[in-house]
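Next comes the sequence, and after it the predicted model I'd like to discuss.
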Amino acid sequence: MSTLVIVESPTKARTIQKYLPKGYRVEASMGHVRDLPQSASEIPAAYKKEKWSQLGVNVEANFEPIYVVPRDKKKVVKTLKDALKQADELVLATDEDREGESISWHLLEVLKPKVPTKRMVFHEITEEAILHAIANCRDIDVQLVHAQETRRILDRLVGYTLSPLLWKKIAPKLSAGRVQSVSVRLLVMRERERRAFVKGAYWDLKAQLEKDAVPFGAKLVSVDGTKVATGSDFDEATGKIKAGKKVKLLDRAEAEALLETIAGQPWSVTKLDAKSSKRKPAPPFTTSTLQQEANRKLRLSARDTMRVAQSLYENGYITYMRTDSVHLSNQAIEAARNCVELKYGKEYLSPKPRQFATKNKSAQEAHEAIRPAGSTFRTPKETGLKDRDLALYDLIWKRTVACQMAEALQTFITVDLNVMNAGFRTSGKRIDFPGFFRAYVEGSDDPNAALDDREVILPTMAVGDQPDCKEVEPIGHETQPPARYSEASLVKMLESEGIGRPSTYASIIGTIIDRGYAQLQGNALVPTFTAFAVSALLEKHFPDLVDTRFTARMEETLDRVSTGDVDHLPYLKTFYSGDRGLETQVKAQEEHIDPSQAKTVQLENLSVKVRIGKFGPYLETEYEGEPVTASIPHNLTPADLSAEQVKILIEQKTKGPESIGTHPETGEPIYVLIGSYGPYVQLGDVTEENPKPKRTSLPKGVTPDNLTLDMAIGLLALPRLLGTHPETGNKIQTNLGRFGPYVVHKKGGEEGKDDYRSLKAAMGDDVLTIDLPRAIEILAEPKRTRRRAAKKPLRELGNSGGEAIEIFDGPYGPYIKYKRKNVSLPEGADVEKFTLDEAIELVGAKKTAAKKTTTKKTTAKKTTAKKPAAKKTTATKTTATKTTANKATST
C-alpha cells in the first residue's frame, strides 16, 4: 500500500520522511496552494467585470471568496496530483493551527482525491510523535477552517478597501490593515507623548560610606523630614512637580549648600528593614513571550525569531512554535525535571511538578508550550546547532528546564541613615537560595553573572551604628520622555490589549518596517512622518478601525466564530455592508478628505508645515513672500524635530549655509550642512565650474555643535597620507569608511590586495591625529577574520531545472538566489508574497539583459579591432526593467 503525505515545506518533509515506514512518500505544498487573488492578473476572467473583483471576495453573494491557484503554485499542484495518482491513501500533515487546517482543506479542494483521506496532526517532529500521529488520524476540522477563512476575508476587506484610499490621498504603496494600522497608531501615540514631553530637572546627593571595611552607597531621600523630589514626582506635560505632591525640589545651589552643611558631620543608622521574598520561575514560552525574550536577550526581530523557530521545529529540535498555551505534557515535565536533577542536583527541583495555566481565554493555536522536542531533552551542546539556531534553542531549553526548578529565595534589606537634617537610604539584596536563577534569569544572557549582579551586599549594621563617610557628591538629573516601543514591548502591548494573534505579530511588525511606517534605531521602533499622516487620516475619518478596544472586540468575535458561537455571515455583512459598514464609510468620507491636508503632518509648536512628498517628508513655509521647501533628514524623527532644527534647515535653503571659516590653503569657505543622511562639511560653493565640491560626512560622535574649524579642515583632507611602510615602501593612509575610521596599507598591483584595519576608539585612535608608528602597529596585528555561517533563506520558493530558487536577505535588501546568480527583488516587493513564477521571470530578465550587454561589448570590440584609428565606443548596458504592482497588505 502506498501513502502520500503532504506537509508545507521541504525541510519538514525531509525530517518526517526519516520516521515513516516504507510505502510512505512525503511531498511539500510550499505553503498555501490556493488563495485570494493577489493582483489584477490573477482575477478569473469570469469575475473581472464585477465591481467587487479587486477584493477577491463576492460581497454581493454572501461574501464568497474567489480562490485561485497562483502561478508559482501550478507546478507544485501538478507534482502533488501526479504523486496522488500513484497513492492508495492521502494523509494531510500540515501544522495543527488554524492556518495549517486551512492549508489541508485547500489541498483537499484542489486535489479532489478519490482515495481515502486522513488528517494527521502533531506538535513535535520526533519518531515517537510521528508514529503516534499516523496511527491516530482524524478528519479536517471544518469549524477551524471557517474561522481562518473569516479572518482572511475580513483582513482582505479592510486592506483592499482602505489601502487604495491611502494611495489617492497620501502616497502610493501604502497599506492599511486590521491589526497593522492599530499597531502603527500605538507607535505614533507614543511618539506624540515624547513630543509633548517637557523635561524637568532635579538634584540630590550620593554618598559613599564604609563600615567594617565594606563599602556601600547611599542616596539622599529627605531633607528636614520632607521627601526629596525624584523623576516620578514630575508632570510630563509641564516639567514641574505634580499638583498636590509634598516633596522638596532641590536645584544645584541647594544641593551644594546641603553638602556643605553635612560635611564632616557624623552619620548614624536610624532604621533597618529586612524582608524575605520568594520568586517563582516564569512559565515556558508561548509565541508572544518567545518573541519578546528573543528580542531582549538575543536582539532578534520578531520575524527572525519565528524564522529560526520554524527551522528548529521542522528539523525536530522544538515543539510547534505558534501557540498561546503555557501547558506542558507530563512527558515534557518529566524530561525537564530529569534535566534539573542531572545538571543542578535534586535540591534544585521544585517539590512537586509545576504546571501552568493559560490565562488567555481565546488561546486555541496549539495545546502545548514551546519546549525542546522529545521525551528527553537534548542539552544545547548535544544538538550540534550553531549561531542563531543554537542561541534560540538554548533560550527555550533554559526556560523550559527552569520552570521545574525550585523557587529563588531572596532577602531585601533597607537601611535608613541620618546626617544632620538629611536622610539617606541604601538598599541591599541577598540571594539566600538561587533556585531557578541557576538556569534562567529573564533579560540576562549569563545566569551566573546575573546572580552576581542581582546581589547587593551590605555590611552588618544595627540601629545607632555610625559608618564612615568617604565621599558625598551632588548629582543632577533630568526626567526622561516615555521610552519608544521595541519589538518586544510592542508585542507585549498587542497581546495585553487582545489585538491580533501572536502568530501574526512577526509579519505585522515586518510589514510596518517594510512599508516605511517605522524604522529601527537600535532596538527602538521609531514611527516616520508617513506613519503620522496615515494615523491622523484614519483617526479622523475611521476612528473605530484604529481603536484598540474596537479591534480587541473584533478579535473576540472572530474567536467566537471559531467555536461556532457566532455566525460569520451576519457579522461580515454588518462590518462591511451595514449602514455604518466599512464600504459605506469609505464612500462617504472619500470626498471629504483633502489630499493636501492628508499629506500634512500636524506637529505642535512648529510654525512651518510638514508634508509627505514623493521623495520623503519635507518642510514648507514662506520666505520673503515666496514658498520655500526643505527636505527633512532621514534620521530626524517627528518627536525630535524642534523649532531650532527647522530654523537651521530653512535658513540653509534660503540664506545658504553658514561658513565656519576659510580653508588656510585654498581660501575657500568651509560650510556645515545637513543633508538627507545627516550633517557634513563642504569645501567651497557649488558653481557651474565646481558643481560637486569636496564633501565629508561628520564621523560618529561629532556634531555641528562641537565641530571646530581644525576638525573640518582635517575631515576635508581625508584620505590622509601618513607615510610609507618600512618593509614595502607602499603608502599608508587613514580615512573614514562605511564601518568607521580605518588605516590601509596600499599594496595593489602584483603584491596583493590592500590591507585594512579599523581604528580602535578605546585605544584613543583618531582618524585626524593618528600617526605613522601607531598605524604600522595596528597593521602588524593579526587581522580578525569574520567567519560567516551559511545564510539561511528568508523563503524557499521552489525549484526550477532541478535547482532551488530562494530569497535571501542582503545588505541592500532581499534578493533571489538561483544557481550562482543573485537578483535583487524589485523595490517594494513583499518577500512573503513573492511567487516562484515572478522569481523565474526576474532571473530570466537578468539573463537576457546580460546576454545583450555581452553581445554589444563583443560587437564594440570587433569594431575597434577593424578600425584602430576610430574613437572608442562604449557599449550601452541594458538592464531589466523592474515593475512592481501596488499591493495592499491585508493584515
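Arrived safely, thanks for sending.

Okay, Asp544 and Leu569: tell me how far apart.
Between Asp544 and Leu569 the distance, using Cβ to Cβ, to the nearest Å, works out to 21 Å. To be clear about C-beta, it is placed using only N, CA and C from the backbone, and glycine gets the same treatment.

now this structure, which segments are flagged as low pLDDT?
Across the chain, residues meeting the criterion (pLDDT under 70) sit at 359-366, 442-454, 748-752, 784-791, 801-802, 810-813, 827-830, 832, 846-891.

tell me, what residue is most central in it?
Ser301 (3.9 Å; Cα atoms, centre = their mean).

Could you check how far the nearest residue to it once chain neighbours are set aside is from Asp97?
Once its chain neighbours are removed from consideration, Ser301 has its nearest residue in Glu487; the separation is 5.8 Å (Cβ to Cβ, 6 or more residues apart in numbering). Distance from Glu487 to Asp97, counting by Cβ to Cβ: 22 Å.

Same check on Ser503?
On the measure of Cβ to Cβ, Ser503 and Asp97 end up 7 Å apart.

what about the two, which has more around it?
Comparing Ser503 with Asp97 by neighbour count (other Cβ atoms under 10 Å), the higher total belongs to Asp97, at 23 against 20.

Tell me how far that one lies from Leu298.
Taking Cβ to Cβ as the criterion, Asp97 is separated from Leu298 by 24 Å.

same thing with Gly729?
Look at Gly729 and Leu298: by Cβ to Cβ, they are 47 Å apart.

out of the two, which sits in the more crowded spot?
Of the pair Gly729 and Leu298, Leu298 is the one with more neighbours under other Cβ under 10 Å, namely 17 against 7.

Isn't that one up against Leu392?
Yes: if you go by Cβ atoms under 8 Å, Leu298 and Leu392 touch, sitting 6.8 Å apart.

Now do the shared contacts for these two.
Contact with both Leu298 and Leu392 is made by residues Thr305, according to Cβ atoms under 8 Å, 6 or more residues apart in numbering.

residues near Trp167, how many?
Neighbouring residues of Trp167 were enumerated by other Cβ under 10 Å; the total is 15.

Kindly apply the preceding question to Val158 instead.
Neighbourhood size, Val158 [other Cβ under 10 Å]: 26.

So it: helix, strand or coil?
Here Val158 takes the helix state, with states given by DSSP: H, G, I helix; E, B strand; the rest coil.

Show me where the stretch 351-500 of the chain has its helices.
380-383, 387-402, 447-454, 487-497 (DSSP state H, counting those that start in this stretch).

How about the stretch 701-850 of the chain?
If DSSP H, counting those that start in this stretch is used as the criterion, the helices of the stretch 701-850 of the chain fall at 709-716, 772-780, 836-866.

Tell me where the stretch 201-350 of the chain has strands.
For the stretch 201-350 of the chain, the strands identified by DSSP state E, counting those that start in this stretch occupy 201-211, 214-223, 226-227, 268-279, in order along the chain.

Could you save the ones you listed as CSV and add columns showing mean neighbour count and distance to Gly701?
Conversion of the strands of the stretch 201-350 of the chain to CSV gives the following (neighbours: other Cβ atoms under 10 Å; distance: least, Cβ to Cβ, whole Å):
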stretch, mean neighbour count, distance to Gly701
strand 201-211, 18, 25
strand 214-223, 18, 30
strand 226-227, 13, 39
strand 268-279, 12, 41
